[in-house]
Every structure is written in C-alpha cells, then in structure tokens.
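# whatever this is, show me its structure:
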Amino acid sequence: MHRSRGFTLLELIVAVVIFALMSAITYGGLIHVLETRERLEAERETQRGLIMAFMRLEEDLGQARDRPVRDIDGTPLPAFSGQAGDTRALGLPLLEFTRGGRAIIGDTELTGSVAHSDLQRIAYRLTDEGELLRQTWPVLDRAPATEAQDATLLTEVEEIELCFFSAPVTGTQAPPAERCTGTWPPLGQTQPTDTLPRGVEVKITLTGLGEITRLFLING
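Okay, here's the model as predicted:
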C-alpha cells in the first residue's frame, strides 16, 4: 500500500506567500482602476458644470439691456458693469447688468398673479471658496430689504479674467486686443459712447482642467 503524501510546512508557507502576493497585486490594480474611474467621473462632472455655466453666461449676456438701476441707497448703477479680475477683496461682482427675456406673468384677472417687467438684474460673483455664483434680484431698483438669490454655477474656480470689447465682434472673431478693456465702463469714461460692450472674453482657470477661454456676444 502507498500512503498519500501531504504538504510539508514549507510548501504551505510558500503557497500562502504566493497567494498573498497575488492578492496584493490584484487589490492594488483594483484600487488604481477605481481611483481612475472616480477621477474621470469628477472631470466629466466639472466639464458638464463648465458647459452649463457657459450656456448661462451666453444666455444672460445675449439678453443684456440698456437699463440702469438704483442701489438700496438710491445710488445709480450703470446698465452694465464689469471688472477684469479678482474682486473678492473689494466685495464687488465680476459682472452686473440688466437683462431682458424673463417670462412675463399672463392675465392677472385670470391667474391672480401680479404682472412684472421682463427685465431682471443679474450679477456674477466669485467667492473665497472658489465658487462662481449667479445672483438675481427680484426687482430692478432695490429697496433696503431687497436681497439677491444666489445659485452656484461652478466650484474649484482658481481665477477668472474678463476683457470687454467696445468694437464690433463678428461670430467668434474678436477685434484687436488693444480695443479690449479690463473694466466696464472703461476707466475715465463715466458715460461711454456705448452703454453696453460689444463682447466679453472670459478666461476661467479650474482646478484639474486649467484655463478655458470663451468669447460671448452682448445682446447678440
């Protein structure tokens, strides 16, 4: 009779070590795949947010109107104002302007609703946390109790730069750079020839995506 031969202790140890190494390699590969998938999904989500933010900017700027407003203390505010770069320390918005195209409530006798203008005051502001906010006011000329409503368009924004064109902009072709100013109304012109700029170049730097530049037509 032949006795069945079992595994020696050394063979068992070698088998366990090999199994542990294979498990570690497989686990490491799985973690890498999961991390890559999460990173790609985060990038896609950021890109989707960027596309939506640009679409909102394009819609708002395309509906810009020449309608100045008054602040809560009665100070007149221009129909369109903008700053070139980071305005967080000054507490100023990057953009603030009046836009049209808001839906008007229908027949008040039938709906019981109060009719209002199709105009609306809009602002874009960058927070200390790197969030790009879109602000809207319920009325054009503000009262002391008037508060803006905030909506977050983008997060992880590192920097935003704006440039305003006073010369005509055709399609996506901007006029020469020397005709682009960093503020609107242009410095030294309290009453510029054009109340509204012709176009706005927007440069947004996002964490992980870098700098993206777009040109938007005003009331185009």
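
# what average pLDDT does whichever helix in the chain runs longest get?
As assigned by DSSP state H, the longest helix anywhere in the chain is helix 9-62. Per-region confidence: helix 9-62 scores 80 on mean pLDDT.

# which secondary structure elements does that helix contact?
Helices and strands touching helix 9-62, as assessed by 3 or more C-beta pairs under 8 Å, 6 or more residues apart in numbering; DSSP states H and E, comprise strand 95-99, strand 132-137, strand 149-154, strand 199-206, strand 210-217. C-beta here means a position set from N, CA and C on the backbone, and glycine is covered the same way.

# could I get the buried residue list for the last one?
Within strand 210-217, the residues that qualify as buried by neighbour count (16 or more other C-beta atoms under 10 Å) are 216-217.

# quick one, that strand and helix 9-62 angle?
For strand 210-217 against helix 9-62, the angle by axes from the mean of the first three to the mean of the last three C-alpha atoms, to 10 degrees is 20 degrees.

# other SSEs contacting strand 210-217?
Right, strand 210-217 is packed against helix 9-62, strand 199-206 by 3+ C-beta pairs under 8 Å, 6+ apart.

# thinking again about what came up before, next one: the longest helix of the chain to chain centre, how far?
The chain centre lies 26 Å from the centre of helix 9-62; the measure is C-alpha atoms, centre = their mean, to the nearest Å.

# isn't there a helix covering R142?
No - looking at R142 with DSSP: H, G, I helix; E, B strand; the rest coil, it is coil, so not inside a helix.

# skipping adjacent residues, who's closest to it in space?
Spatial nearest neighbour of R142, chain neighbours left out: I72 (4.7 Å); criterion: C-beta to C-beta, 6 or more residues apart in numbering.

# the one you found is in what secondary structure piece?
Under DSSP states H and E, no helix or strand contains I72.

# show me the contacts for it.
Contacts for I72 (C-beta atoms under 8 Å, 6 or more residues apart in numbering) come out as 142-144, 146.

# quick check: PyMOL command selecting the buried ones in the residues you listed.
The PyMOL command for the buried members of the contacts of I72 (criterion: 16+ other C-beta under 10 Å) is given here:
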select buried, resi 142
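
# and which of the contacts of I72 is nearest to E159?
Closest approach to E159 among the contacts of I72 (C-beta to C-beta): R142, at 29.3 Å.

# identify the residues contacting the closest one.
69-72.

# again, 10 Å this time
Counting by C-beta atoms under 10 Å, 6 or more residues apart in numbering, R142 touches 69-75, 77, 121, 148.

# and it, how far is that from L196?
21 Å (C-beta to C-beta, to the nearest Å).

# next structured bit after the lowest-mean-pLDDT helix or strand in the chain?
Least confident helix or strand, the chain: helix 108-111 with a mean of 45, by mean pLDDT, DSSP states H and E. Downstream of helix 108-111, the first helix or strand assigned by DSSP H and E is strand 120-126.

# that next one pairs with which strands, parallel or anti?
If you go by DSSP bridges, strand 120-126 pairs up with strand 95-99 (antiparallel), strand 132-137 (antiparallel).

# got the angle between it and strand 149-154?
Angle between the axes of strand 120-126 and strand 149-154 is 50 degrees (criterion: the same axes, to 10 degrees).

# from the middle of its chain, how far away would strand 120-126 be?
Computed by C-alpha atoms, centre = their mean, the chain-centroid distance of strand 120-126 equals 11 Å.
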